[in-house]
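*Asks:* from the sequence below, what's the structure:
(chains A and B)
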Protein chains: 2
Amino acid sequence: MAGTMNNPEGGELRIGIAGLGTVGVGVLRLLSDNAAELAARAPKGLRVTAVSARDANRDRGVDLSPFAFEPDAATLARREDVDVLIEVIGGTTGAGADAVIEALRAGKVVVTANKALVAERGAELARLIEQHGGALYYEAAVAGGIPAIKGLREGLAGNRIVSVAGILNGTCNFILTKMKDEKRAFDDVLAQAQALGYAEADPSFDVDGVDAAHKLAILSAVAFGGVPDFSAIELEGIRGVRLEDIEMAEDFGFSLKLLGVAKPRAAGGGVRQYVAPVLVPQSNPIAGVYDSFNAVVVRGEPVDEIMMRGRGAGEGPTASAVVADLIDAARGINPPLFGTLNAAAATGGGAAQAEAAAGEAVEGAAERRFWRLLVDDRPGVIAEVSQVLSDRALSVEKIVQQDADGSRAHIFILTHAAQRTQADEVAAALARLNCMIEPPAVYAVEAL
Amino acid sequence: MAGTMNNPEGGELRIGIAGLGTVGVGVLRLLSDNAAELAARAPKGLRVTAVSARDANRDRGVDLSPFAFEPDAATLARREDVDVLIEVIGGTTGAGADAVIEALRAGKVVVTANKALVAERGAELARLIEQHGGALYYEAAVAGGIPAIKGLREGLAGNRIVSVAGILNGTCNFILTKMKDEKRAFDDVLAQAQALGYAEADPSFDVDGVDAAHKLAILSAVAFGGVPDFSAIELEGIRGVRLEDIEMAEDFGFSLKLLGVAKPRAAGGGVRQYVAPVLVPQSNPIAGVYDSFNAVVVRGEPVDEIMMRGRGAGEGPTASAVVADLIDAARGINPPLFGTLNAAAATGGGAAQAEAAAGEAVEGAAERRFWRLLVDDRPGVIAEVSQVLSDRALSVEKIVQQDADGSRAHIFILTHAAQRTQADEVAAALARLNCMIEPPAVYAVEAL
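*Replies:* The predicted model follows:
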């Protein structure tokens, strides 16, 4: 029965929407507002038959009367009149995840914005598709309205990917932009963002980089093969970023951005994935992506560099991605789940990714670094610091001391490319100096 | 027979390449260099069986011995062992166009980089696909390696498109960038670009905007429905751009770019398509796209603004787009030719586009404009010029006179939003002033 219902070639797609928050309501609005365009582009028809949410009666500004209402999302997923489940609840467990798994077990098509689920349980979802013949679309899980998954998985499918990187969390980019533009501290801007509803009451998911890491894990799987490997991501958020870091980075010719980056390791095999605040040369187009915008930069051979930029969250952009996936399903467009064979993905294939998952302690490429030291303001401090670097053969590209107030001073240093082990030794040695008021802060320079 | 051969689901795709210039050789290199990635992404296999070029014996740096050689491209297209024709010869008529038409008549799959053919004969190609059941892929025809067609036709398929605009000719963007960076005149930079091989000996196809217009016609069809309507494009190239225009535009807060723009008319229906040098606010991300890079900016409801940026030409980027199309074909991904039903397209459907094709004399939106006047350097000239504007109720936002040398002077004016008819009247009246040394130059400000 499911087999005939979920055949996208068979006719009208009957849709169930699990979750009537911002995105779910946005999808309903889009389907209504753009009905004429959708009829031309997906002529077999997209029809919502049923919806699910915790509260049936809350006024969401849209008319739910044409749709059956299911209090339970998994029940919605099993309905005979639902060919396609749109899951916009979120979470690696709970109602959203359960509904996705129910739908895939029934061999149905799922369209989801649930980045945590795809990033953390991607292998399991791939196996369900292998076993039951359903399909999973997740464009809305990464970078909101930007067609990043489609661009990478299909549009750049001819390339050997050299790196994929992105500004993947709009809240962090908004905070860093505000700090720079209004010369304010992190805590101050975060409090305002929370007051305005741009940041959650518990901001850790955003500012500690978890949300960006979910998206990076998915992009990395598509870029390099295999399934998302969230647990392998090195993770650092933006709580430690100070206004003076941003300002001095600008003076040095860089933009300070929270990036997610995935690229093959220089040695040892596998893919290195990290989320961290880094310095990007101002000449790189991603350096100019401010406010809450997202951007994804792909370097590939032979395409060179492609950047896609747009709004990474919000009702409209996310609904745009969800409906693009619906139209793909209606058109019978169903590329391999993470770009390579589902079978390979489900068994942990994709050699590079799998090696990374093994967690080998391998070196990354040598990187330039930007250091902020807070030191006692007394003669000889720059000499002491410089001696530590030169003793460990870490070469200085630029050094600036400023903000000296007779008691303390800042020293900012840009160092030439070096391996992380070398940088770690220098950081440890610097921290032991008596003149150091706090441990040094170190940012990588990401050339992309 | 063709019916079984050209079925992408059926197995290995057997490929014939018509044209062994830069792009054809690039495709051969890519298929060889990235064989491992391609095997994972298109596991049924992509195999070149035959090639065609004018000269069989020229050394192109690739080994052609594994492939059959056909001197005639149309014969190549008809070969039994060619399921997919890659056409990278170019031209609306001649060997490339003939081969495409032969292949489509045989119900085969065609992948082409031929922007002129798709832009000028798109309706005919659509009818052939309707009649014979083949398919046409043309990602490589627009913006080189940027997955612009896929991004717009599939990734943004849920949107009502508000505008599509782009820097679509890398040669023009290179020339404008060089003029600005090196403070040189158009003719001077063009001569250098020709010497370096960046511009053709006959540069008119690039600098007069024809190449950009071909790409715009295709983008516009995908964005607004219908078939490409090249003949409806208002066309102005960059020969009239002077260094002082670029410099004063920058002073006024704009970048001067050759853009292709398509958007629904404010009144009267249809889509206005134009290619022209325009001023873009520096706050718009497309203003920062320099050198030979291309970029496409799509505004849609509800996605807001998406920008895609990358290399718009060259062996690698164009080969990347061609092979992405091949992989689509191998994966059975075949969206409607211009995003809406082929049948509607072939009969000139797509209401907005069709109305534009009817060529009605309808107004565009009111636009701000940037004027350069070369005038006699004598007292009262600014007053005379201002009087002409105020007599016709054209309001001045900013006016600067400079470069006065006792004989002549420049006046640059930024005017508030006004209809074109009003601007045309002002231009005509200004041209009649005795103080005017040459007719005024007028640029629209394109807010995007």
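*Asks:* what parts of the stretch 151-300 of chain A come near chain B?
*Replies:* Where the stretch 151-300 of chain A comes near chain B, counting by Cβ under 8 Å from any Cβ of the partner chain, the residues are A:151, A:154-160, A:225, A:285, A:288-289, A:300. For glycine as for every other residue, the C-beta is placed from the backbone atoms N, C-alpha and C.
*Asks:* and what of the stretch 301-448 of chain A?
*Replies:* Proximity of the stretch 301-448 of chain A to chain B (Cβ under 8 Å from any Cβ) is limited to residues A:301-311, A:315-317, A:319-324, A:326-328, A:331-333, A:335-336, A:339-341, A:344, A:350.
*Asks:* what's the following helix or strand after the helix or strand harbouring residue A:279?
*Replies:* Under the criterion of DSSP states H and E, residue A:279 resides in strand A:271-281. Following strand A:271-281 in sequence order, the next helix or strand is strand A:293-301 (DSSP H and E).
*Asks:* neighbouring strands - and their directions - for that following strand?
*Replies:* Within its sheet, and counting by DSSP bridges, strand A:293-301 is paired with strand A:160-167 (antiparallel), strand A:304-311 (antiparallel).
*Asks:* what's the ChimeraX syntax to select whichever of the residues of the stretch 301-448 of chain A next to chain B are buried?
*Replies:* Of these, the buried ones go into a single ChimeraX selection, burial set by 16 or more other Cβ atoms under 10 Å in any protein chain shown:
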select /A:301,302,303,304,305,306,307,308,309,310,311,315,316,317,319,320,321,322,323,324,326,327,328,331,333,335,336,339,340,341,344,350
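*Asks:* identify the residue spatially nearest to residue A:305, adjacent ones excluded.
*Replies:* residue A:299 (5.2 Å; Cβ to Cβ, 6 or more residues apart in numbering or on different chains).
*Asks:* then residue A:402?
*Replies:* Leaving aside its sequence neighbours, residue A:402 sits nearest to residue A:410 (Cβ to Cβ, 6+ apart; 5.6 Å).
*Asks:* so the helix or strand hosting that neighbour versus strand A:271-281, what angle?
*Replies:* Using DSSP H and E, residue A:410 sits in strand A:408-418. Going by axes from the mean of the first three to the mean of the last three Cα atoms, to 10 degrees, strand A:408-418 is angled at 120 degrees with respect to strand A:271-281.
*Asks:* give me the packing partners of strand A:408-418, helices and strands only.
*Replies:* Here strand A:408-418 touches helix A:243-251, strand A:367-376, helix A:381-391, strand A:396-402, going by 3 or more Cβ pairs under 8 Å, 6 or more residues apart in numbering or on different chains; DSSP states H and E.
*Asks:* list the buried residues for the longest one?
*Replies:* Neighbour counts over helix A:381-391 (16+ other Cβ under 10 Å) mark A:381, A:382, A:385, A:388, A:389 as buried.
*Asks:* out of those, flag the one nearest to chain B.
*Replies:* Nearest to chain B, judged by Cβ to the nearest Cβ, of the buried residues of helix A:381-391 is residue A:389 at 35.3 Å.
*Asks:* stretch A:59-69 - what's its average pLDDT?
*Replies:* In this model, stretch A:59-69 has a mean pLDDT of 95.
*Asks:* so where's chain A uncertain?
*Replies:* For chain A, applying pLDDT under 70 flags the ranges A:1-10, A:341-364.
*Asks:* got the domain ranges for it?
*Replies:* Per automatic domain parsing, the domain ranges recorded for chain A read A:2-146+A:319-346, A:157-310, A:367-444.
*Asks:* and residue B:263, which of those domains is closest to it?
*Replies:* domain A:2-146+A:319-346 (15.1 Å; Cβ to Cβ).
*Asks:* which one of the residues of the stretch 151-300 of chain A next to chain B has the most neighbours?
*Replies:* Among these, the one with the most neighbours (other Cβ atoms under 10 Å in any protein chain shown) is residue A:155, at 33 neighbours.
*Asks:* contacts only, for it.
*Replies:* With contacts defined as Cβ atoms under 8 Å, 6 or more residues apart in numbering or on different chains, residue A:155 is in contact with B:139, B:147, B:150, B:151, B:321, B:324.
*Asks:* next, the residue lying closest to it once chain neighbours are set aside: phi, psi?
*Replies:* For residue A:155, ignoring the flanking residues on the chain, the nearest one in space by Cβ to Cβ, 6+ apart is residue B:147 at 2.5 Å. In terms of degrees, to the nearest 10, the main-chain angles of residue B:147 are phi -80, psi 60.
*Asks:* number of nearby residues for residue B:147?
*Replies:* For residue B:147, the tally of surrounding residues (other Cβ under 10 Å) stands at 30.
*Asks:* where's it relative to residue B:156, distance?
*Replies:* As judged by Cβ to Cβ, to the nearest Å, residue B:147 and residue B:156 stand 12 Å apart.
*Asks:* list residues touching both of these two?
*Replies:* Taking Cβ under 8 Å, 6+ apart as the contact rule, residue B:147 and residue B:156 both touch residue A:147.
*Asks:* in the stretch 51-200 of chain A, which spans are strands?
*Replies:* For the stretch 51-200 of chain A, the strands defined by DSSP state E, counting those that start in this stretch occupy A:68-70, A:84-87, A:109-112, A:135-137, A:160-167.
*Asks:* would you turn these into TSV with distance to residue B:429?
*Replies:* Below are these laid out as TSV (distance: least, Cβ to Cβ, whole Å):
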stretch	distance to residue B:429
strand A:68-70	66
strand A:84-87	59
strand A:109-112	58
strand A:135-137	58
strand A:160-167	49
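*Asks:* between the ones you listed, which gets nearest to residue B:209?
*Replies:* Nearest of the strands of the stretch 51-200 of chain A to residue B:209, taken as Cβ to Cβ: strand A:160-167 at 33.6 Å.
*Asks:* how about the closest one as PDB, C-alpha atoms only?
*Replies:* C-alpha atoms of strand A:160-167 as PDB (Å, rounded to 0.1, in the frame of the first residue of the first chain):
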ATOM      1  CA  ARG A 160      37.100  16.500  -6.200                       C
ATOM      2  CA  ILE A 161      36.300  18.700  -3.200                       C
ATOM      3  CA  VAL A 162      39.300  20.400  -1.700                       C
ATOM      4  CA  SER A 163      37.400  22.100   1.200                       C
ATOM      5  CA  VAL A 164      34.000  23.100   2.200                       C
ATOM      6  CA  ALA A 165      33.500  25.900   4.700                       C
ATOM      7  CA  GLY A 166      30.700  28.100   5.900                       C
ATOM      8  CA  ILE A 167      29.300  30.700   8.100                       C
END
